[in-house]
Structure formats: C-alpha cells, structure tokens
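>>> Using only what follows, build the 3D model:
(chains A and B)
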Amino acid sequence: MTRIIVTTSGKGGVGKTTVSANLGMALAKLSRQVALVDADFGLRNLDLLLGLENRIVYTAVEVLARECRLDQALVKDKRQPNLVLLPAAQNRTKDAVTPDQMKLLVNALAQKYQYILIDSPAGIEMGFKNAIAPAKEALIVTTPEISAVRDADRVVGLLEAQGIKKISLIINRIRPAMVQANDMMSVQDVQELLAIPLIGVIPDDERVIVSTNRGEPLVLSDTPSIAALAFENIARRLEGQTVEFLELDSPNDNIFSRLRKLLWTKIV
Amino acid sequence: MNSDSTNSPNDFQQDSNSQPPAGKSISKQADVDENLTKTANIEVDSTDDDADSNSIIPNADLNSLFLYLQANAVSTSAESNSDLTDVNNNELGLLEEKINHNIQVQLKTEEGRLLLILPTESQVPASEISWSEIWQQMKQRLNGSDRLRIPNTIVHLVAQDRLLDSRQLQQLEETLNEVQLQLKSVATSRRQTAIAACTLGYSVEQIQLQTSFTTDLQATPRALADALYLEMTVRSGGEIRHPGTVIILGDINPGGIVVADGDILVWGRLRGVAHAGATGNRECIIMALQMEPTQLRIADAVARAPEKSLIQFFPEVAHITPQGIRIAKAADFSRNQLSKINQSL
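Residues are numbered from 1 along each chain as shown, chains lettered A, B, ... in the order given. I've put the predicted structure just below:
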C-alpha cells in the first residue's frame, strides 16, 4: 500500500520544502522507493534543495499535456537511487493543473513507489487544493511562532474537511535556549493548540541554510547534525517505529557534546 | 439564482477548469447581479430576476419556468423581509449579524426521522455561499457528532429550493455513507432536483416553499432550535452558527467563532470568539472549562479578555451585568444570581 503524504503548513517559509527534501532522502536511505512531487507550480524550489535543477527536462505539466511519458519527467537522484522527483513547471501558475489531474499523476506514481511525498505551496488557494487532493495523510510543518501556528490550525481544519484524518505535526526551527528563557512557544504550547499527534521536532540549525544553498540535503551529509538526526527519526516514525524524541532542552550542552553522548549511547 | 448550476460544486473537488468557458462567464454574471442586490433595493431585485430568467429560458420548458418564477417571487419577498429585520436588528444595536447568516446546514431529528436540512436560496443565495461552503458546513456537522450516531441510520435530505444535480447528490450519498448514514429521500421544491433525485432512485417529496413561514419570521418570535451538540475542535477559520444553544465538546481555537441564539457551553478551552444570545437575548451565558477568549459577545455587549493571561484556570461563566460582560467562577455562579442581576436592571 503506497503512502501518499502531503507536506503543508499554510504559512510560507516555515520549512515545508526542506522537510520534504530531507524526509524523502531519509526514507530513501531506509531503502524505500520514494517519489517527491513538487506541487508548487510557478515557484518551484524542491529541485534546488535536492540539487537536481540542471537535470530537469520535462515537468508535470508536460506529462499532463501528453508531451512526454511520466517516467521521462521523473528526475532520478544519483546519490540516492531510491528517490525520484516529479518537478513542477516554473513557467506556469497554480491554475495550470486541477485537483483531478494531480490525483491522476499521483495514482500513476503509486503503482511503482512506496512513498509519495507531495510538497504543497503556501496558502490555501488552488495550489494547496491541488496538493492535498490526492493525499491520504498529511504532515503539518510549523515553526513555534503564533502566526505559523494559527495558519497551521486553519489548514488542519481544511484537511479534516477534505477527509484526511491522519495528520501529524512537525515543529521546525525550535531554539531550546529561547524556549527555556520563555521567549519562544514551547513544543507543548504548540501541541496544546493544534491537538494533533507530534511526529518530530527539528532544532534551528544554520547548516540547514548551507545545505539548501548547496543543494545537498542535510541527511546526506557526512558530518552528523542534530537536525539531520531529527529528520531520520521522523522517517523511522513514519515507518511505524517508536523512536524517542531528541532531548533538545538540556541547557548546558552544546551540539557537539550532545552528539557525542548520542553516539556513545548508540555504541553501548 | 440559477448560478449554482454553473458554479463548481466544491472548493476542494473543484472541476471549474473542465467547465466550458461560456458557463463560467454566466455564473460570473449572476454573481455580479447578486452582489448588486445585496447593496441595492428591491428595484434591483427585479432586474436580478430578469437576468436569471433570461439565462434559464433556452433550456427549460414553460412549466418549469413557471415554477421557477414562482420560487423566485418567494425568494424576492423573503429577501425584502429579511432586509427589514436587518434594520430592526441594527436599531436594537446588535452587531452586524444578519438573520441570513445564522442559517447553516442543520442536522436534526424530527418525529424520529433524521433530517439534513440545507438552507434555502432565499436564506443563503446560491452565489453568496456556494455549494462548497454548504458542503464544508455539512461535513463539519457530520464529523462533529460522529460518536453518538447509530450506524445505518436513514437520512432524509431537505434540499428546499436548492438546485442539486445528480453528481452533487451522488457526492452527498458517498459522504453520508462514510459516516454510516443512508440517504433515503429527497424533499425539494425544484423540478430539476426532483428529476435528478428520481433518476438516482431516491424517493422524492415535492414541497411547496411556504410563503407564510417566511413572513411569520419577523412577526412572531420563533422558539429556539434544539441544542446543537458537537464533538470537535473549532479551528481557525471555523464558524458554527446555530439558532439555539451550542454545546461543544472540544476547544475553540483562536480564529474560530461560535454564534448561538442561546447559550454557549464549551467543555474545553475557549480561545476564539463566542457570541451567545445573538438575536438579542441578554440572559444568555457562555461557559467554558478554560476561559481565555479573543472576544466574548452576549447579545449586544462585547468584551475582550484581560491583557494579562492567567496562570491558573478553572471553569468560568460569562454573563451580562449592568456594567457589561463579567466572568464568574463556575463554582460561585448560580442561575439565581443571574436572575437577581437581571431584575435589578
């Protein structure tokens, strides 16, 4: 049974695309067949984050116009052969496709792949409707800010109305020190409001920016980072494993001492 | 008025792109007409009728045209009626709530029959709240009382004067089946809807829209509707309107709003907006286990929550005092106290 999951948030800039790219890679590393679908027509970014921009020949719009076959449009990743990307067209707008066409595309992909991750655009208009139409599950990405959480709440309502019942929460860019100082909403605050199961907490990390600019997803990097670990944990939780949440709020540790501790616990 | 036949049935399952462009432009036109009627007087109403009847003549026989005009005449008079009540409401100093907007999809039991009642087109013009919003309201209502429903209950759809095509009816049946309800009959005053329902095999009941009912609306005060019991979280953007008391087992999140003609009881956190006694009853109260609202409204009074957020929460009751809306601890509050306050008014 193929899992069709949409990554969405309502608000822009909270890290939907980063989550899609890294989660896709993490699942592929767990040797799952993964297809990433960029539903952000006109403002596509997913290819950039994956470093696949220069390999795009056809896009979803050409597939729908029957100008090419679906497998011709799929961009394979050399570093991770289990993962393919269905790119969106950059020269069109969100109205270039309809929800029914999205369903068609995704159902065709579902024949071959075990996971289909749809990267939704920001907003709740046509692009969003296209993105959620084929989905069976949803990942809500939010940052611990009141505006992002409010938008996420609205989106959860819309997803429920659409009949998507399995909705999980990812809290991105949390800064434990600020939470400790009571300057930032805590994981509990966000969870209390949204009342949906938490599947991952990703700490704010400068290396995410670096990896985005280089087009190398964090989970593929050789040097381990807490954020990459968080993504891998989410992938394992999606697989049904129970993984302890990372301890982000121990105050006096820096990243390296905590990593060392983590590695130690793995060895022992 | 006939624009719903060209409107896309649902925001989320929209197929507007697949529709012919001609159909689209017609619906646009009707939209504009409707907007005009909102702001203008009855004279414009009549032009609205003209525009509508022009567009329906080519594909309708004389008989249905007659029926259509009849239905339309009703709706026009109803519209002017509700305009009057609006004015009255404003005189009462009410917030800009319109009677029209209090009408949402209703799910209620009458004489042992479960009825799914859609708002009439005079209450909610087809172009103003399109099918998609009605659809969302309906889903909300269906999901909100899921646990208490007995499987395979038979539902009777009261479609009133709303135009439904066979696709919409089929969608409706599928959705009802998902929550283990069975659609059995359709009551409608529209010929096209009746035909569509017939072809799909539902038993059809032709109803006459009651002119007398709509005129009574403003003359004699209506009794409150049965309490609405919902088990759900009213999320940002969510809106519950009910002509009676509302009980919510769940939270009202910021950005969500509940408007009731009776009391509002929230068995959870109230963080959004609650408006009790929306038709002007100042004796209505708002109760919540955790009261941290964006805004509270009772009848024509409005109150904000204090700037400072509380550290400890306990069940509380909001009611009207001569000084405005006040909140009391639920443990200290009794109905007697409230009536005493009201007598001293």
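>>> What residues does the stretch 51-200 of chain A have near chain B?
Contacts of the stretch 51-200 of chain A with chain B, taken as CB under 8 Å from any CB of the partner chain, map to A:95, A:98-100, A:129, A:132-133, A:150-151, A:153-154, A:156-158, A:160-163, A:193, A:195. In this view, the C-beta of every residue, glycine as well, is placed from N, C-alpha and C.
>>> buried subset of these?
By neighbour count, with 16 or more other CB atoms under 10 Å in any protein chain shown, these hold A:98-100, A:129, A:132-133, A:150-151, A:153-154, A:156-158, A:160-162, A:193, A:195 as buried.
>>> Skipping its backbone neighbours, what lies nearest the one residue in chain B that gets nearest to chain A in space?
Minimum separation of chain B from chain A (CB to the nearest CB) falls at B:R235, amounting to 3.6 Å. Excluding its sequence neighbours, the residue lying closest to B:R235 (CB to CB, 6 or more residues apart in numbering or on different chains) is A:G157, at 3.6 Å.
>>> can you confirm that neighbour is in a helix?
Yes. Looking at A:G157 with DSSP: H, G, I helix; E, B strand; the rest coil, it is inside a helix.
>>> Chain neighbours aside, what residue packs nearest to A:E160?
That would be B:N143: by CB to CB, 6+ apart, it lies 6.9 Å from A:E160.
>>> Can you identify the element that follows the helix or strand that the one you found is a member of toward the C-terminus?
B:N143 belongs to helix B:131-144 when assigned by DSSP states H and E. Using DSSP H and E, the next helix or strand after helix B:131-144 towards the C-terminus is strand B:153-160.
>>> so what does that next one touch, helix or strand wise?
strand B:113-117, strand B:181-188 (3 or more CB pairs under 8 Å, 6 or more residues apart in numbering or on different chains; DSSP states H and E).
>>> Write out the residues of the stretch 51-200 of chain B neighbouring chain A.
Checking the stretch 51-200 of chain B against chain A by CB under 8 Å from any CB, the hits are B:Q136, B:K139, B:Q140, B:N143, B:E178.
>>> packing partners for the helix holding B:N143?
Helix B:131-144 packs on helix A:146-162, strand B:106-110, helix B:166-178, going by 3+ CB pairs under 8 Å, 6+ apart.
>>> Look at the spatially closest residue to A:E53 that is not a sequence neighbour and give its secondary structure.
In space, A:E53 comes closest to A:D47 once its chain neighbours are excluded; the distance is 4.6 Å by CB to CB, 6+ apart. Under three-state DSSP, the three-state class of A:D47 is helix.
>>> Do a quick rundown of the strands in chain A.
For chain A, the strands defined by DSSP state E cover A:3-8, A:34-38, A:75-76, A:83-86, A:115-119, A:137-142, A:166-174, A:198-203.
>>> Just put those in JSON lines and tack on mean neighbour count, distance to B:G255 and mean pLDDT.
Below are these laid out as JSON lines (neighbours: other CB atoms under 10 Å in any protein chain shown; distance: least, CB to CB, whole Å; pLDDT from 0 to 100):
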{"stretch": "strand A:3-8", "mean neighbour count": "25", "distance to B:G255": "17", "mean pLDDT": "97"}
{"stretch": "strand A:34-38", "mean neighbour count": "28", "distance to B:G255": "29", "mean pLDDT": "97"}
{"stretch": "strand A:75-76", "mean neighbour count": "16", "distance to B:G255": "39", "mean pLDDT": "94"}
{"stretch": "strand A:83-86", "mean neighbour count": "25", "distance to B:G255": "34", "mean pLDDT": "96"}
{"stretch": "strand A:115-119", "mean neighbour count": "26", "distance to B:G255": "25", "mean pLDDT": "97"}
{"stretch": "strand A:137-142", "mean neighbour count": "25", "distance to B:G255": "14", "mean pLDDT": "97"}
{"stretch": "strand A:166-174", "mean neighbour count": "21", "distance to B:G255": "17", "mean pLDDT": "96"}
{"stretch": "strand A:198-203", "mean neighbour count": "22", "distance to B:G255": "21", "mean pLDDT": "95"}
